[in-house]
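Colleague: pasted the sequence and its predicted model underneath.
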Amino acid sequence: MFSQFGPLEIILVLVIVLVIFGPKRLPGLGKQLGRGMREFRESITGEDKDDDRTRPRPELTKAQADEPVPPTPVSGTPAERTPADVSREQRG
C-alpha cells in the first residue's frame, strides 16, 4: 500500500511541512534532523568523534610551550591581596 512514494507525494509532504513550520524554521529543523541522524549513525557503528584516543592533539609551538601559564585567581586567595591589604592585616 505505501511501498512507493512518487514525486507528487513528496511535494505534498514538503508543502505541508512548509505550511506547518514556516520558512524561517526550516533551516534549523534541517540542521537538527541532520545532527540527529549523524548521532544515530555514530551510535550504531560505535564511532565517536569526541573520543580522546582518536582525536589528534594540537601541538604547541615553541613560543606557546615557553610561555608561563598565568595563575587563575580564586576569590580570597593571597594572589588577589594587594600590598595595602597585607599592611592592614599586619597592623591589626
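Modeller: Sure thing, it's come through.
Colleague: hey, where'd the helices end up in the protein?
Modeller: With DSSP state H applied, the chain shows helices at 7-21, 26-45, 62-66, 83-91, listed in chain order.
Colleague: switch those over to TSV; also include mean pLDDT and mean neighbour count.
Modeller: Every C-beta, even on glycine, is put in place using the N, C-alpha and C of the backbone. TSV is the format used below for these (pLDDT from 0 to 100; neighbours: other Cβ atoms under 10 Å):
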stretch	mean pLDDT	mean neighbour count
helix 7-21	90	10
helix 26-45	91	10
helix 62-66	65	8
helix 83-91	70	9
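Colleague: give me every residue that touches L29.
Modeller: F21 (Cβ atoms under 8 Å, 6 or more residues apart in numbering).
Colleague: hmm, I typed the wrong one, I wanted L18.
Modeller: L26.
Colleague: also E9?
Modeller: Per Cβ under 8 Å, 6+ apart, neighbours of E9: none.
Colleague: report the separation between it and G30.
Modeller: Here the criterion is Cβ to Cβ, to the nearest Å. By it, E9 lies 20 Å from G30.
Colleague: swap in M37?
Modeller: 11 Å.
Colleague: for I16, same thing?
Modeller: Counting by Cβ to Cβ - I16 and G30 are separated by 16 Å.
Colleague: cool, Q4 as well?
Modeller: 24 Å.
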